[in-house]
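Engineer: Sequence first, then the predicted structure, then my questions.
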Amino acid sequence: MKDVHRVLIDKLREHSRLSAEDLTAIRNLSYSLRQLDSTEDLVQQGESPKGAALVVEGMVGRYHLLHNGRRQFLSFHMVGDLPDSQGMFLERMDHSICAIGPATTATIPHREILRMFEARPGLGTAIWRETLVDAAIFREAITNNSARTMRARMAHLFCELFYRAEVSKLTDGNSMQLPISLAQLGDTLGMAIATVNRTISMLRASKTMDFRYGVLTIRNWQGLAKIGEFDPSYLHLKRPPPR
């Protein structure tokens, strides 16, 4: 099992400076671990969680559940992300979060985080910046699904996930573990399963990427980024991966 405090420290350092006192404050946070099966909910829409979850292993997805039972995935979160930190400031969650493949999360009590904010305002700013990056991802997802072609929107999503994973040192060369099912891809990008399959085939034919058996492999980053019109500036990361 990864060092939970180190996971959070490394994530915040992607976009913020942390002092020695900040590191000590983080290491003093308590937490409880939870193992999630694939598609199991971490938090459901309408709940009022008492803690903020940190992804320690695997991946989770944020989604809305529609009246017809379908899910619209809004974003995906990997190791180091705080996918429900908004819950500290909202009376009730307006979305759900589930595991994408098996995952492990650490829940940190809201009261401890809020006390840390008071004692270490710089840490509060760092975690707030994390939620602002989330908001930027939501905005980009709206543009992606409404203004880009099927091929471009899938290329953009793959670029975003790989770029974020590479910054967080979660890639293996040109590949990353991506346990998203074809149905979940469809629920993310507004595509039927047949369209998902056809679009993946189109991207394979472009020799820019491959996606099969839960592994995304980048064959030609520049080519895939061009297809997806991907500009990572909206992620606001101070440590971009070398290209």
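Structural biologist: Arrived safely. Numbers count the residues shown, from 1 in each chain.
Engineer: quick one, strands of the protein?
Structural biologist: 32-36, 41-43, 51-57, 60-65, 71-77, 96-99, 103-109, 175-177, 209-212, 215-218 (DSSP state E).
Engineer: right, and these - which one's nearest residue 131?
Structural biologist: With CB to CB as the criterion, residue 131 lies closest to strand 51-57 of these, at 10.2 Å. C-beta coordinates here come from the backbone N, C-alpha and C atoms, glycine included.
Engineer: Can you give me the buried ones in that closest one?
Structural biologist: Counting neighbours by 16 or more other CB atoms under 10 Å, one finds that the buried residues in strand 51-57 are 51, 52, 53, 54, 55, 56, 57.
Engineer: Go through those residues and say which is closest to residue 136.
Structural biologist: Looking at the buried residues of strand 51-57 and their distance to residue 136, the nearest is residue 55, at 18.3 Å (CB to CB).
Engineer: what sits opposite that closest one in the beta ladder?
Structural biologist: Each beta-bridge partner of residue 55 is listed here, defined by DSSP bridges: residue 105.
Engineer: if we can go back for a sec, wait, which of the buried residues of strand 51-57 is closest to residue 127?
Structural biologist: Comparing the buried residues of strand 51-57 against residue 127 with CB to CB picks out residue 52 as the nearest, at 8.4 Å.
Engineer: close enough to count as contact, that closest one and residue 111?
Structural biologist: No: when contacts are counted by CB atoms under 8 Å, residue 52 is not listed as touching residue 111 (10.7 Å).
Engineer: returning to that earlier point: export the strands of the chain to CSV and tack on mean pLDDT and distance to residue 203?
Structural biologist: CSV is the format used below for these (pLDDT from 0 to 100; distance: least, CB to CB, whole Å):
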stretch, mean pLDDT, distance to residue 203
strand 32-36, 97, 29
strand 41-43, 94, 30
strand 51-57, 95, 27
strand 60-65, 93, 21
strand 71-77, 93, 18
strand 96-99, 95, 26
strand 103-109, 97, 26
strand 175-177, 97, 15
strand 209-212, 96, 5
strand 215-218, 98, 11
